[in-house]
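> just to be clear, the model below is a prediction. Sequence and coordinates:
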Amino acid sequence: MSAHESQSESLKPTPAATASSRIGLTLFWIYVLLYAGFMALVLFRPDLLSLRPFGGVNLAIAYGMGLIAGAFLLAIIYMAACRAVEGGGPPRG
Amino acid sequence: MLYESSAAAIAIFAAFVLGVVGLSFYLGRKGQSAKGYYAAHGEIHWFVNGIAFAGDYLSAASFLGICGMIAFNGYDGFLYSIGFLAGWIVALFVIAEPIKALGKFTFADALDSRFNSRGIKLAVAISTLVVSIFYLIPQMVGAGDLIVPLLGLPHTVGVILVGVAVTMIVVTAGMVSTTWVQFIKGSLLVFFCGILAAMILNRGLVVGAGPAANLAPQVRTITPDGTVLIDGKPQSKDHDLRPVGTLKALPDRYAGKTSTGPLRPLEYLAALEDSTIVTWSSTKHSDAAGTHTTYSPVERKGSELLKPGGYFKGLSTGKLADRLDFASLMLALFCGTASLPHILIRYYTVKDAAAARKSTVVGIAAIGAFYVLTLYLGLGAMTSGALDPTSTNMAAPLLAKSFSTTLFAIISAIAFTTVLGTVSGLIMAGSGAVAHDLVENVFGIPMTDHEKVRCGKIAAVGLGIIAMVLGVLFRSFNVSFLVGWAFNIAASANLPALVMLLFWPRTTKQGIIAAVTVGMLSSLAWILMSADTFEKVYGWSRDASIVPFSQPGIVTIPLGFLVLVVVSLLTPPAPAVRRHG
């Protein structure tokens, strides 16, 4: 085995890393859908963004803030899921 | 007088800058090896790294540019906030852990991890330099803009001050000091923006009074000999443009009142939406007497300002090219974050993939909180009666000035530190590309550990000088607008290669070289031929532009993927295939 192949072997993803990656990609596509939905509204139905479905603020602000809060929420879910996959041990960072 | 420097402002500013540079000298003892200089020994704690991500990422564009864009154009500035934050989803879920596992010092290390190709290192090093330089321009412009009101010095002096301070930070201790500067800056920025937002909510909405309530148009003339006239008389301390940006009428439920009093966050937005606001637009014309810019008030309903279309006019006119331009920008913001070399190298400063993930989550929390605050800062500035009609970039500091001169000094100093943090990250990325990728790996010049560090420091000085020159040349641009270009180039050049390397085992080195080269050149060429560049850089007519819209990402990002797939299929696969993720 060459040094390069040996290095490649040592860096192969572990089952936990593969599982984390799958979770990450699933959450990624969920967010892509949310982001694409917002872009579609801005591009094709901007009139809907002026509506105030929640009383005070309009949909443009509510959706925009939701995308920011949603990113954080998905990040927390991802971190918790990765921890579970990796065995729930103490933080290693 | 819109701006007036004070001894207190200068003292606070000097304390901030000297404190940051002093910290660099202190930490300089720790970064003498190549691993220390380029990657802080991989020993940065994930929480510190997460806040440093915020310090690295929240640039002059985020702080000065977005606040200014919201203050002058309403909701559309917030679209930048949404796009900038969304990009971190790509970084966290797709890039963070693999890039940590693949790389050592630079982005080129990661892309070349499977191939050991000089071609990849060369293409990626050049792409890193191009992206970093495009990103440097708005930071330096923002620095120059800040110095004018704060210290009463010319724009050029501000640019030189940042250039010198940043070069010193990077040269003294590389990534160690850069990380701590970014950590301090990220913490201060989010904290003080939170304070400022709380003050805005506590003040509530107030019907305009004082000079800003005078709605007569204003004319600024620059005569052929360079004299500046305001409404036909020479500009002076006592005769200057009036500040602008006021609330004209509160919602009906506040009938008979001139102030709402303190408001909760959502109440503030709802009340503003039902208010009447005066924003200002400008028109320019030239004749034998000089160039005249006329600033005129425009009365608008809050509901108009809190929906898309104030800045991106195409969203309301419905022109296809304008819509594509907007979609292209938002795609570039989404894809660009995880392609920025100065962000990617931060993954090498933590010890493992789990730390990379956790630091990204901390970064998302800090950056997300900041972007929510930008909406309040921008809207607060819009009705503060303190805006400079000639500069969108000064909205946030002038908002602070509407509360107190001390707060103005603090916010300006933080904004200046913001520039220092981001520029030091960019120069670190650039110096790594020159010393580690180009000199050592492409040109094959053998270097000892000490020589690698020295070479990186020399490159940092060179990049600092380039940054200063560009900061002076591009001084009249909105900084968010300029950052949009950097995101387009980064996303077009780097993302296709990075994603395909991780997820498509058939990717070849020729495919990566072609994708990086074509993505970079096509996006760069598109920008240079766009209507915005024709008008704002060359001073030509927009109609003479060659491409149908200005933001290239929607064409050049898919082009990068296509080129990579086609070239990879036409070339032999790599002997050892490793797939991450």
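Perfect, thanks for sending it. All of these numbers come straight from a predicted model, not from anything done at the bench.

> for the helix ranked longest in chain A, what is the average pLDDT?
When chain A is parsed with DSSP state H, its longest helix is helix A:15-44. Mean per-residue pLDDT for helix A:15-44: 92.

> which helices and strands does that helix pack with?
helix A:59-85, helix B:76-90, helix B:96-102, helix B:320-336 (3 or more CB pairs under 8 Å, 6 or more residues apart in numbering or on different chains; DSSP states H and E). C-beta coordinates here come from the backbone N, C-alpha and C atoms, glycine included.

> just the angle for that helix relative to helix A:59-85, thanks.
170 degrees (axes from the mean of the first three to the mean of the last three CA atoms, to 10 degrees).

> chain center to helix A:15-44, what's the gap?
5 Å (CA atoms, centre = their mean, to the nearest Å).

> just the strands in the stretch 251-400 of chain B please.
B:276-287, B:290-301 (DSSP state E, counting those that start in this stretch).

> pull out the buried residues from the first one.
Think strand B:276-287. B:Thr276, B:Ile277, B:Val278, B:Thr279, B:Trp280 (16 or more other CB atoms under 10 Å in any protein chain shown).

> per-residue confidence for residue 93?
Just so you know, I chose chain A. So A:Gly93 comes in at 39 (pLDDT).

> try chain B instead
For B:Phe93, the predicted pLDDT is 91.

> contacting residues for it?
A:Gly24, A:Leu25, A:Leu27, A:Phe28, A:Tyr31, A:Leu74, A:Tyr78 (CB atoms under 8 Å, 6 or more residues apart in numbering or on different chains).

> now, of those, which are buried?
The buried subset of the contacts of B:Phe93 - by 16+ other CB under 10 Å - is A:Gly24, A:Leu27, A:Phe28, A:Tyr31, A:Leu74, A:Tyr78.

> same list (those residues) but as a markdown table, adding distance to B:Pro138.
Shown next, in a markdown table, are the buried ones among the contacts of B:Phe93 (distance: CB to CB, whole Å):
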| residue | distance to B:Pro138 |
| --- | --- |
| A:Gly24 | 31 |
| A:Leu27 | 31 |
| A:Phe28 | 28 |
| A:Tyr31 | 27 |
| A:Leu74 | 29 |
| A:Tyr78 | 31 |
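
> tally of neighbours for the spatially closest residue to B:Phe115 that is not a sequence neighbour?
Distance criterion CB to CB, 6 or more residues apart in numbering or on different chains; nearest residue to B:Phe115, sequence neighbours excluded, is B:Lys509 at 4.1 Å. Burial measure for B:Lys509: 24 neighbouring residues, criterion other CB atoms under 10 Å in any protein chain shown.

> hang on, B:Lys509 packs against B:Ser113?
No: here B:Lys509 lies out of contact with B:Ser113, judged by CB atoms under 8 Å, at a distance of 11.1 Å.

> what's the pLDDT at B:Gly385?
90.

> next, count neighbours for it.
Residues near B:Gly385, counting by other CB under 10 Å: 24.

> do you know how far it is from A:Tyr63?
According to CB to CB, to the nearest Å, B:Gly385 and A:Tyr63 sit 30 Å apart.

> likewise for B:Val141?
For B:Val141, the distance to A:Tyr63 - CB to CB - is 31 Å.

> more neighbours: which of the two?
Just comparing B:Val141 and A:Tyr63: by other CB under 10 Å the higher neighbour count belongs to B:Val141, 30 against 19.

> report the distance from the helix or strand containing the more buried one to the chain centre.
Assigned by DSSP states H and E, B:Val141 belongs to helix B:118-151. Computed by CA atoms, centre = their mean, the chain-centroid distance of helix B:118-151 equals 10 Å.

> repeat that for stretch B:313-329.
With CA atoms, centre = their mean, you get 22 Å for stretch B:313-329.

> that stretch - what's its average pLDDT?
On average, stretch B:313-329 scores 86.

> can you check stretch B:275-295 too?
91.

> report pLDDT for residue 88.
All of this is about chain A. pLDDT, read off for A:Gly88, is 57.

> chain B is the one I meant
At B:Trp88, pLDDT is 94.

> in a markdown table: the strands of the stretch 251-400 of chain B, plus distance to chain A.
Compiled in a markdown table, these are given as follows (distance: least, CB to the nearest CB, whole Å):
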| stretch | distance to chain A |
| --- | --- |
| strand B:276-287 | 15 |
| strand B:290-301 | 11 |
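
> in TSV: those, plus distance to B:Lys104.
As requested, the strands of the stretch 251-400 of chain B are exported to TSV (distance: least, CB to CB, whole Å):
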stretch	distance to B:Lys104
strand B:276-287	50
strand B:290-301	51
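
> where does chain B dip in pLDDT?
For chain B, the stretches with pLDDT under 70 are B:1-6, B:24, B:28-32, B:150, B:173, B:476-481, B:574-581.

> how many residues are close by B:Tyr254?
Neighbours of B:Tyr254 using other CB under 10 Å come to 18.

> likewise B:Lys104?
With other CB under 10 Å as criterion, B:Lys104 counts 16.

> do B:Val361 as well
B:Val361: 22 neighbours (other CB under 10 Å).

> what sits against it?
A:Ala75, A:Ile76, A:Tyr78, A:Met79, B:Gly50, B:Leu92.

> quick one: residues contacting the fourth one.
Yep, that's A:Met79 we're talking about. Per CB under 8 Å, 6+ apart, neighbours of A:Met79: B:Arg357, B:Lys358, B:Val361.

> and if you look at the second one?
Taking CB under 8 Å, 6+ apart as the contact definition, A:Ile76 lies against B:Val361.

> rerun that using 10 Å as the cut-off
A:Ile76 sits next to B:Val361, B:Ile364, B:Ala365 when contact means CB atoms under 10 Å, 6 or more residues apart in numbering or on different chains.

> same check, this time on B:Lys248
Here B:Lys248 is in contact with B:Val207, B:Gly208, B:Ala213, B:Leu215, B:Ser275, B:Thr276, B:Ile277, B:Val278, B:Pro297, B:Glu299, B:Arg300, B:Thr383 (CB under 10 Å, 6+ apart).

> hmm, back to that, what's the closest of the contacts of B:Phe93 to B:Arg323?
Nearest to B:Arg323, judged by CB to CB, of the contacts of B:Phe93 is A:Tyr31 at 22.5 Å.

> setting aside sequence neighbours, what's the nearest residue to that closest one?
Per CB to CB, 6+ apart, closest to A:Tyr31 is B:Ile89, 4.7 Å.

> does the one you found touch B:Ala338 like I think?
Yes: here B:Ile89 reaches B:Ala338: they are 8.8 Å apart, a contact under CB atoms under 10 Å.

> so what sits against both of these two?
B:Thr360.

> out of the contacts of B:Lys248, which end up buried?
The buried subset of those - by 16+ other CB under 10 Å - is B:Val207, B:Gly208, B:Leu215, B:Ser275, B:Thr276, B:Ile277, B:Val278, B:Pro297, B:Arg300, B:Thr383.

> what sits closest to the third one if chain neighbours are left out?
If the residues on either side of it in the chain are set aside, B:Leu215 comes closest to B:Pro297, at 4.4 Å by CB to CB, 6+ apart.
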